[in-house]
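J.: Okay, here's the prediction I keep looking at, along with the sequence it came from:
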There are 2 protein chains.
Amino acid sequence: MNKGVLLVISGPSGAGKGTVCQNLCQQNPNLYCSISATTRPPRQGERDQVNYYFLSEQKFRDFIEQGAFLEWARVYGNYYGTLQQQVEKKLNEGFDVILEIDTQGAKQIRQNSREAIFIFLLPPSMEELWNRIQGRGTDGPEVIKERFAAAYLELQEIWDYDYAVFNENVPNAVKNIEAIILAEKCRIKKDRDILSRFLEEGDKGDLSLHR
Amino acid sequence: MNKGVLLVISGPSGAGKGTVCQNLCQQNPNLYCSISATTRPPRQGERDQVNYYFLSEQKFRDFIEQGAFLEWARVYGNYYGTLQQQVEKKLNEGFDVILEIDTQGAKQIRQNSREAIFIFLLPPSMEELWNRIQGRGTDGPEVIKERFAAAYLELQEIWDYDYAVFNENVPNAVKNIEAIILAEKCRIKKDRDILSRFLEEGDKGDLSLHR
């Protein structure tokens, strides 16, 4: 059983990360969307170990101290994070694992994992990004501008990523990410162990051994 | 129109390069299998500009002097080579171009092209490679051993390649190479120009311009 690929997917708010990741995992039984841990209380209908791992603040802090998180952050007073052990378990079972996280979280993953592949999801155009951010609710122009500025700042982080996928439509974005996963499984550096083993089969001194 | 991707496919004799490349190009109208130039006389049924560009030795040598080849070699007294202009033309028209060449040719491409992607096609196992090489004809054991040794030497070049694809069966090998092409089109370094243009759209000082 080969270890799976760890994919980090980021992108500005409004790029459509949630929908794309959901579709990816629904259509590929070998793909697992990582579940975050959080201290925020469950909302109506949310279930532990399905939507989040709901943890007490004490438990979360213990995990931080133990270095149990691949990445974590505190947002509006609540903690959010990705438990390394959960991810490793799935990878070792052969699943490819998707982490849908922001660029700050991705930075932490870059420090904590050598294997991860970083994908930046983009809206089809800045115009479209603007429309999507604005179309979200009934907020005033200042709030929207602020949100746009934040998205614009996130975009600047793209150069640290391996791949850029334009989300012109969901099926196409899904197709591109599936291709990236397949291609990454063929990359030479990833395969060094498998390849070495393969080549060694032929390295038995006497070539006639092969018959 | 985006420029196409240049793919170099190598692999030991018996890995099935020919069949895989043929299937790739038949199934993907956007993919173009490069036609080599040669000084060897056409065999029965071979047509100029379809199977090869058939050139006189004088013409071929002129092209060498002009630096017109991406790679060339002399094999058993005949010249073979890939004309840079033919490849560039197709790439600029938006086609992805496949060069099926040996590891020596690939080395030359590495020096002459910054953009090329290098794929190494492997048989499913060394045992299978041995069977395929042996199964080719009615040659004596010494000839077969020599051929196996040559294939084994070619295998050592794999570490200079970007991707390794195991040809367990043709449809699967084709699928993996198609994924590699798609993924390479998403790679950040490739997209730097497109991405820069995309980001600059948002870099007009006054964000409200976007409405």
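T.: All right, it came through fine. Worth saying up front: this structure is predicted, and the values here are computed from it rather than measured.
J.: mind listing the helices in chain A by residue range?
T.: Counting by DSSP state H, chain A has these helices, from start to end: A:17-27, A:57-65, A:84-92, A:103-112, A:126-134, A:141-155, A:170-186, A:192-201.
J.: C-alpha coordinates for the fourth one, PDB please?
T.: As requested, C-alpha coordinates have been extracted for helix A:103-112 and formatted as PDB (Å, rounded to 0.1, in the frame of the first residue of the first chain):
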ATOM      1  CA  THR A 103      -2.400  30.900   3.500                       C
ATOM      2  CA  GLN A 104      -1.300  31.300   7.200                       C
ATOM      3  CA  GLY A 105      -2.100  27.700   7.900                       C
ATOM      4  CA  ALA A 106      -0.400  26.600   4.700                       C
ATOM      5  CA  LYS A 107       2.800  28.400   5.900                       C
ATOM      6  CA  GLN A 108       2.700  26.200   9.100                       C
ATOM      7  CA  ILE A 109       2.200  23.100   7.000                       C
ATOM      8  CA  ARG A 110       5.200  24.000   4.800                       C
ATOM      9  CA  GLN A 111       7.300  24.000   8.000                       C
ATOM     10  CA  ASN A 112       5.800  20.800   9.400                       C
END
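J.: quick check: mean pLDDT across stretch A:112-127?
T.: Averaging pLDDT along stretch A:112-127 yields 90.
J.: And the pLDDT at residue A:208?
T.: What the model reports as pLDDT for residue A:208 is 34.
J.: Over to residue A:149?
T.: 85.
J.: and it, how many neighbours does it have?
T.: Neighbour count of residue A:149, defined by other CB atoms under 10 Å in any protein chain shown: 12. No exception for glycine: its C-beta is placed from N, CA and C like everyone else's.
J.: Check the gap between it and residue A:53 for me.
T.: Using CB to CB, to the nearest Å, residue A:149 is found at 32 Å from residue A:53.
J.: what's the answer for residue A:132, then?
T.: Distance of residue A:132 to residue A:53, given as CB to CB: 29 Å.
J.: likewise residue A:14?
T.: Distance, residue A:14 to residue A:53, by CB to CB: 27 Å.
J.: again with residue A:90
T.: Distance from residue A:90 to residue A:53, by CB to CB: 14 Å.
J.: Low-confidence regions, chain A specifically.
T.: Along chain A, segments meeting pLDDT under 70 span A:1, A:136-137, A:190-194, A:201-211.
J.: residues touching the closest residue to residue A:12 other than its chain neighbours, list them.
T.: Nearest non-adjacent residue to residue A:12, counting by CB to CB, 6 or more residues apart in numbering or on different chains: residue A:151, 3.5 Å away. When the contact criterion is CB atoms under 8 Å, 6 or more residues apart in numbering or on different chains, the partners of residue A:151 are A:12-14, A:129, A:133.
J.: Over to residue A:81?
T.: Residues near residue A:81 by CB under 8 Å, 6+ apart: A:36-38, A:60, A:63-64, A:69-73.
J.: Just the buried ones from those?
T.: In the contacts of residue A:81, burial by neighbour count holds for A:36-38, A:60, A:63, A:69-72, counting by 16 or more other CB atoms under 10 Å in any protein chain shown.
J.: of the residues you listed, closest to residue B:164?
T.: residue A:70 (28.2 Å; CB to CB).
J.: pretty sure the closest one contacts residue A:108?
T.: Yes: under the criterion of CB atoms under 8 Å, residue A:70 makes contact with residue A:108 at 6.9 Å.
J.: okay, now residue A:76: neighbour count?
T.: Neighbour count of residue A:76, defined by other CB under 10 Å: 6.
J.: quick one, what contacts the residue lying closest to residue A:157 once chain neighbours are set aside?
T.: Excluding its sequence neighbours, the residue lying closest to residue A:157 (CB to CB, 6+ apart) is residue A:103, at 4.0 Å. By CB under 8 Å, 6+ apart, the contact set of residue A:103 is A:10, A:154, A:157, A:160.
J.: how close does residue A:103 get to chain B?
T.: From residue A:103 across to chain B, the span is 14 Å (CB to the nearest CB, to the nearest Å).
J.: Equivalent analysis for residue A:38, please.
T.: The gap separating residue A:38 from chain B is 30 Å, by CB to the nearest CB.
J.: Give the bridge partners for that residue, please.
T.: Beta-bridge partners recorded for residue A:38 (DSSP bridges): residue A:54, residue A:80.
J.: Please name the residues that touch it.
T.: A:52-55, A:78-81.
J.: most neighbours, which of the residues you listed?
T.: Tallying neighbours with other CB under 10 Å puts residue A:81 at the head of the contacts of residue A:38, with 24 neighbours.
J.: contacting residues for the nearest residue to that residue once chain neighbours are set aside?
T.: Take residue A:81 and drop its neighbours on the chain: the residue closest to it by CB to CB, 6+ apart is residue A:72, 3.1 Å away. Going by CB under 8 Å, 6+ apart, residue A:72 touches A:60, A:64, A:79-82, A:105, A:108.
J.: what about residue A:143, neighbour count?
T.: The number of residues packed near residue A:143 is 12, by other CB under 10 Å.
J.: now swap in the one 3 residues further on and tell me
T.: The tally of other residues near residue A:146 (other CB under 10 Å) stands at 14.
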